[in-house]
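S.K.: My questions are about this predicted structure, shown below with the sequence.
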Amino acid sequence: MRQQGFNPRARWDRQIPPEGTDHSGLSPEKIEVTAHFKAGIINPQCFIWNKKEYSVSCVNYRWQERRGQEIITYFAVSCPEGLYQISFNNTGFSWRLDKIL
Amino acid sequence: MILHIDMDAFFASIEQAINPRLKNKPLIVGSRANRLHTVVCAASYEAKRLGIKSGMPTQEAFRICPHLEFVPAEQGKYIWTSEQILELLKRWELRLNYASIDEFQMDIENHPDPLKLACDIQERIKGTFAITASIGIAPNCILAKLASKINKPCGITVLTPDNLMSYLQKIPLNKLCGLNGITGELFVTKGMRSCLDLYQKPSYFLKNLMGKNGLTLYQALHATESFANLPKESKPKSIGHSYTLPRASKTPQFIMAWIRLLAEMVARRLRENNLESKTTHLWLSGPLGSKNSQGQMTWQNATNDGQEIYLRCLRIKLKSKNQLPMIRALGVSCSNLNQPQYDSPLFLEAKRREGLLEAIDKINYKFGDDTIYPAIITLASHKHEP
């Protein structure tokens, strides 16, 4: 099975905000991240968002998606302040805060 | 012997692993973000215990449990996890079959200790992904799949000649793969209630009841399978995509944009597989309770161009006797598939078109599938739906 990137659900449904839910209302933002890169595994340690440092206590889950030749690695991380989804783009070497879980 | 691995509440378990706050809570994964206009595509075991099932409208699920947790499905992470599980299973160096996104089968013929193998697999999956799997071991695929469902979640069931009959007697017929619908009901009318009733029927009985399919079912139930005898994967018989709109629509541009999008998706897969199709099939479905409209046509020239497939769909739609005023779901598929007959098109316009498609495919391969696409597809965004 291969990811079908040209997928209507992936493309359009994400634009519809969930009705009646506590949506974080956050649009993805670039963030600074300190991470360990070891044996092909990335381990984010902490990130700075809105001038505040968030220390990553645990990476709950990680997964990857391909966008053309770019590989985006997503991390669901626990911090003392809450749960966050951050992502790393291997081409631009950039990090984003995608959402507050 | 076959070892069947069935992931427990796969999508919901992944969401619970991602967000520990959702653990031990009734949770549903909706097929789209709009929590009130979608269906349950997965439910956690806590939700299943309340009677919530996959395929149920979310409104009904919220009626059963108003405090239900809701997460919209994100295919990417489920597909990635599934592929990673497959990679993990390859380490045992046994013949593997990728049965579906949450099901895997292993040929364990001559394996010295299948039970230990099953325990190891469960442990590795749990350790790596923090989700659980149930495993069934039986002489063939259909019984191994059935066995994997006996002790859910996180169970292991081994069907041996000694315990097979007693297990089959306890399991209702509709739990067997493919018998949860009309076929199952047909069997019930013939007095079969448990899987054992079906298992003990002779082949001629099933053949008389269901024709060729009855014989296939008999063989599947009584086989001792090994993947060594499986034929190598041949080219697909058809390639198709379908989509259910959030709500029924009567806006022609919106529906046409969706047909164009599905035609493009089908065409890209045809090109990826170096195939062309002569037969196009379009189906349209109205709101719940109304009739479906479908048709297919075969052309002399094969194509893998999304624009051409779209135009063929429009001709099928135009010729349809059953014109639906409202559309809720639609699908485009192509069959009669073959590899392109000629290396290069004869006519200048066709050559130009082929060059254009090649360039589009290269751009989308490099920058992502939605980098360049026909403009009409933008109308498929729900923002354009009145």
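M.R.: Arrived safely. In this text the structure is predicted, and so the values were computed from the model without any measurement. Residues are numbered from 1 along each chain as shown, chains lettered A, B, ... in the order given.
S.K.: which ones are touching the spatially closest residue to residue B:132 that is not a sequence neighbour?
M.R.: The shortest distance from residue B:132 to any non-neighbouring residue, by Cβ to Cβ, 6 or more residues apart in numbering or on different chains, is to residue B:154 (4.2 Å). C-betas here are computed from N, CA, C, even on glycine. The contact partners of residue B:154, by Cβ atoms under 8 Å, 6 or more residues apart in numbering or on different chains, come to B:8, B:122, B:132, B:133, B:134.
S.K.: how far away is residue B:154 from residue B:45?
M.R.: Per Cβ to Cβ, to the nearest Å, residue B:154 is found 10 Å from residue B:45.
S.K.: now swap in residue B:75 and tell me
M.R.: 22 Å.
S.K.: Over to residue A:100?
M.R.: 26 Å.
S.K.: what touches both of residue B:154 and residue B:45?
M.R.: Residues touching both residue B:154 and residue B:45 (Cβ under 8 Å, 6+ apart): residue B:8.
S.K.: ok, back up a step: would you convert the contacts of residue B:154 into JSON lines that also reports secondary structure and pLDDT?
M.R.: Listed next are the contacts of residue B:154 as JSON lines, based on DSSP: H, G, I helix; E, B strand; the rest coil; pLDDT from 0 to 100:
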{"residue": "B:8", "secondary structure": "coil", "pLDDT": "95"}
{"residue": "B:122", "secondary structure": "helix", "pLDDT": "97"}
{"residue": "B:132", "secondary structure": "coil", "pLDDT": "96"}
{"residue": "B:133", "secondary structure": "strand", "pLDDT": "96"}
{"residue": "B:134", "secondary structure": "strand", "pLDDT": "97"}
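S.K.: Of all pairs in the residues you listed, which one is the farthest apart?
M.R.: B:8 and B:122 (10.2 Å; Cβ to Cβ).
S.K.: what do the two both touch?
M.R.: B:132, B:133, B:154.
S.K.: just these now: which is nearest chain A?
M.R.: Using Cβ to the nearest Cβ, residue B:132 comes nearest to chain A of the shared contacts of residue B:8 and residue B:122, at 14.6 Å.
S.K.: pLDDT weak spots in chain B?
M.R.: Counting by pLDDT under 70, chain B has low-confidence residues at B:228-234, B:289, B:382-386.
S.K.: For it, which residue occupies the most central location?
M.R.: residue B:100 (6.9 Å; Cα atoms, centre = their mean).
S.K.: before we move on, the earlier item: out of residue A:100 and residue B:45, which sits in the more crowded spot?
M.R.: A direct count of neighbours by other Cβ atoms under 10 Å in any protein chain shown for residue A:100 and residue B:45 places residue B:45 higher, at 18 against 15.
S.K.: Would you map the strands across chain A?
M.R.: Ranges of strands within chain A are A:29-38, A:41-49, A:52-55, A:58-67, A:70-79, A:82-89, A:94-100, based on DSSP state E.
S.K.: Please read the previous query as pertaining to the stretch 101-250 of chain B.
M.R.: B:103-107, B:133-138, B:156-158, B:238-249 (DSSP state E, counting those that start in this stretch).
S.K.: Which of the strands of chain A sits closest to residue B:225?
M.R.: Of all the strands of chain A, strand A:58-67 sits nearest to residue B:225, with 32.7 Å by Cβ to Cβ.
S.K.: Now stretch B:34-41 - C-alpha only, CSV.
M.R.: Below are the C-alpha coordinates for stretch B:34-41, written out as CSV (Å, rounded to 0.1, in the frame of the first residue of the first chain):
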residue,chain,number,x,y,z
ASN,B,34,-17.2,17.7,10.5
ARG,B,35,-18.3,15.7,13.6
LEU,B,36,-22.0,16.0,12.9
HIS,B,37,-21.9,15.1,9.2
THR,B,38,-19.8,12.1,8.9
VAL,B,39,-19.6,8.4,9.8
VAL,B,40,-17.6,6.5,12.4
CYS,B,41,-14.6,5.0,10.6
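S.K.: Contact residues of the stretch 251-386 of chain B facing chain A?
M.R.: Within reach of chain A by Cβ under 8 Å from any Cβ of the partner chain, the stretch 251-386 of chain B has these residues: B:258, B:261-262, B:264-265, B:268-269, B:364-371, B:373, B:380-383.
S.K.: CA atoms only: put stretch B:236-246 into CSV for me.
M.R.: Taking Å, rounded to 0.1, in the frame of the first residue of the first chain, the C-alpha atoms of stretch B:236-246 are listed here in CSV:
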residue,chain,number,x,y,z
PRO,B,236,-4.9,-4.8,-11.7
LYS,B,237,-8.3,-5.6,-13.3
SER,B,238,-9.6,-2.1,-12.6
ILE,B,239,-8.5,1.2,-10.9
GLY,B,240,-11.1,3.4,-9.3
HIS,B,241,-11.7,6.1,-6.7
SER,B,242,-15.0,7.1,-5.0
TYR,B,243,-16.0,9.8,-2.5
THR,B,244,-18.9,10.6,-0.3
LEU,B,245,-19.7,14.3,-0.1
PRO,B,246,-20.4,15.8,3.3
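S.K.: how about it: buried residues?
M.R.: By 16 or more other Cβ atoms under 10 Å in any protein chain shown, the buried positions in stretch B:236-246 come out as B:239, B:240, B:241, B:243, B:245, B:246.
S.K.: now, which of those residues lie close to chain A?
M.R.: Within the buried residues of stretch B:236-246, those near chain A by Cβ under 8 Å from any Cβ are B:243, B:246.
S.K.: which one of the buried residues of stretch B:236-246 sits closest to residue B:174?
M.R.: Out of the buried residues of stretch B:236-246, the member with the shortest distance to residue B:174 (by Cβ to Cβ) is residue B:240, at 27.5 Å.
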